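>>> what follows is a predicted protein model with its sequence.
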Amino acid sequence: METRKVYLDHSATTPVAEEVLNAMIPYFTEGMGNPNSLHQWGRDARRAIDEARESVAGLVGAGPHEIVFTGSGSASDNLAIKGAVWASKRVGKHIITSAVEHHAIMDTFKWLGKKGYDVTFLPVDKYGMVHPESLKEAIRDDTILVSIMYANNEVGTINPIAELGTICRERKVLFHTDAVQAAGHMPIDVSHLPVDMLTISAHKMYGPKGIGALYIRKGIKLTPLVHGGGQEYGIRSGTENTPSIVGFGEAARLARRLHERGETDRISGLRDKLLDGIIERIPDSFVTGHRVERLPYHGSVCVRLIEGEGILLRMDYVGIGVSSGSACTSGSLEPSHVLLAMGLDHATAHGSVRLTLGKDTTEEDIDYVLEEFPRIVDTLRKMSPYKGG
Ligand SMILES: Cc1ncc(COP(=O)(O)O)c(C=O)c1O
C-alpha cells in the first residue's frame, strides 16, 4: 500500500505552482534574451521583467521603481542591512534587531557587531512578539537602523509593524522588516505602513527558489553589495534571472487570486483544527506563538519530553513532512534561539514541531496527521522516561 503524502513544511518552501512554472518556461527558450540587449530578444525579456516588477510591487503596495530583485530573501536582508548601514549619513554605529530573527538577519547583525557596530537585540514576550515599548527604550541618538521581522518563521507570530515603524519614523531611524513569511499570505501595503525596506522571497509563495526582492522606499540610498553592470538601478548588478523574475511576478498574481478566493480563511480554519486537535489528543503539548496574531498557514507546537527530531523522522516515515525547531549543527542539537528567547527551557524547546499548511492541504490531510501524530508521540513516550502528568 502506498503511504499517503502530506507536506506540511510550507514555511521551509512551497511547491512551484503550475501557472508559475508555465509562465517561466518560455524564458528558458525563445525568451532567453539578455534583458540588457537592445535587440528584440532583449526587449522581450525586459518587457517581461517590467511586468513582473509591477506585479511584485503591487503585492505590497509599492511602486515598481521601489522593487529590486535579488538572489534570495537572505540576499535582500543582507542588502538592506549592510547597504543601509554603509550608506548612512547619520553619525552613529548603533543598530537594533530582535532576538528571534531568521539567521539571514541575526548573523548579519552579529557580523556587523564584530566590525565595530553596537548591536541591540530586543527581547520578545512569551509569544515571540516584539513590544513597541522596548523599541522606544532602545533607540538612541546614534541609532541608524532597526530591523524587525514582519512575522516569525518558527512560531508564526506577527509583529506590530505599524507601531514599530512609527517609532522609527518619529526618531528618524531607518526601518527594515523581513516579510519573507508574511508576503503573499496576508495583506501588506507599504503605501500606508511606515516601513523603509521590506524583504520578500518567491519560494515561500509558490514561486521558484533563488529569487528575492527588496522594497526600498523612494529616496532611500543603499550602498550596493554587488558591483558590476549596474542592473537593478545600480543596486544589484548581475544579468537578471528572467525566468525566476517572471515566476515571481506570476506567484504574486496567484497570491492575490488565492486571497480573493477566500484561501486565507480556509487555510487558517484547517490550521486551527490541526492545532486544537493536537492539543486535545496529545497530553502535555501546547501551541507556541500567538494564537490570533499569527500567520494563517502556520502551526507550531511543543511536545514535552520528546525530541522534535524523533517526531519529525517518524512523521516522515508515515509520509508527513514537518520540521522541528532545533537545528542540527555539527552533531550537536541546539534548541531554537526563538523558543529560548520566548522563555522556554532547553528541554521543552527540544520538543518543538512546526506544521505549516499550503494551498493544496486538504481536510483529509489534517485528519491523517491528527491520527498519526498522537500515535507517534505515544510510541516515543513509551520509550522515554516520560511518566505523564
Ligand atoms: C523569515 C525569513 N527570512 C529570510 C529567509 C531566507 O529566505 P531565502 O531562503 O529566500 O534566502 C527565510 C527562509 O526561511 C525566512 O523564513
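Received it, and whenever you're ready, just let me know what you need. Numbers count the residues shown, from 1 in each chain.
>>> how about the nearest residue to residue 223, chain neighbours excluded?
Distances taken as C-beta to C-beta, 6 or more residues apart in numbering put residue 86 closest to residue 223, at 3.9 Å, once the chain neighbours are dropped. Placement of C-beta: from N, CA and C, glycine included.
>>> can you tell me the average pLDDT over the helix or strand where that neighbour lies?
For residue 86, the host element (DSSP states H and E) is helix 73-87. The pLDDT scores in helix 73-87 average 97.
>>> contacts (any at all) between the ligand and it?
Yes - shown here: helix 73-87 in contact with the ligand (C-beta under 6 Å from any ligand atom) through 73, 74, 77.
>>> go on, stretch 273-290?
No - Stretch 273-290 lies out of reach of the ligand by C-beta under 6 Å from any ligand atom, never closer than 13.4 Å.
>>> re the thing from before, mind giving me the ChimeraX select for the residues of helix 73-87 next to the ligand, buried ones only?
The buried residues among the residues of helix 73-87 next to the ligand can be selected in ChimeraX (16 or more other C-beta atoms under 10 Å) with this line:
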select :73,74,77
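>>> about what we covered before: now for the helix holding residue 86, which elements pack on it?
Helices and strands touching helix 73-87, by 3 or more C-beta pairs under 8 Å, 6 or more residues apart in numbering; DSSP states H and E, are strand 67-70, helix 103-114, strand 143-147, strand 174-178, strand 197-201, strand 212-216.
>>> of all the residues in the fifth one, which ones are buried?
For strand 197-201, burial by neighbour count (16+ other C-beta under 10 Å) applies to 197, 198, 199, 200, 201.
>>> next to the ligand, which bits of the stretch 201-350 of the chain? Give me the list.
Within the stretch 201-350 of the chain, the positions lying close to the ligand (C-beta under 6 Å from any ligand atom) are 201, 203, 212.
>>> now do the helices in the stretch 151-300 of the chain.
All helices of the stretch 151-300 of the chain, identified by DSSP state H, counting those that start in this stretch, fall at 161-170, 242-260, 263-281.
>>> pick the most deeply packed of those helices.
helix 242-260 (a mean of 22; mean count of other C-beta atoms under 10 Å).
>>> what's the angle between that one and strand 197-201?
Helix 242-260 and strand 197-201 meet at an angle of 100 degrees, taking axes from the mean of the first three to the mean of the last three C-alpha atoms, to 10 degrees as the criterion.
>>> so which residues make contact with helix 242-260?
16-17, 19-21, 23-25, 27-28, 31-33, 35, 45, 48-49, 51-56, 58-59, 69, 183-185, 187, 202, 205-208, 210-211, 213, 264, 359 (C-beta atoms under 8 Å, 6 or more residues apart in numbering).
>>> residues contacting the residue in the stretch 201-350 of the chain that the ligand sits nearest to?
Of all residues in the stretch 201-350 of the chain, residue 201 sits closest to the ligand, at 3.4 Å by C-beta to the nearest ligand atom. Residue 201 makes contacts with 72, 73, 76, 180, 183, 211, 212, 213, as judged by C-beta under 8 Å, 6+ apart.
>>> ok, residue 107 next?
Applying C-beta under 8 Å, 6+ apart, no residues contact residue 107.
>>> got the confidence number for it?
98.
>>> against residue 77, how distant is it?
Applying C-beta to C-beta, to the nearest Å, the value for residue 107 to residue 77 is 10 Å.
>>> one more: residue 28?
28 Å.
>>> if we can go back for a sec, tell me which of the helices and strands packed on helix 73-87 sits most buried.
Across these, averaging neighbours per residue (mean count of other C-beta under 10 Å) puts strand 197-201 on top, at a mean of 30.
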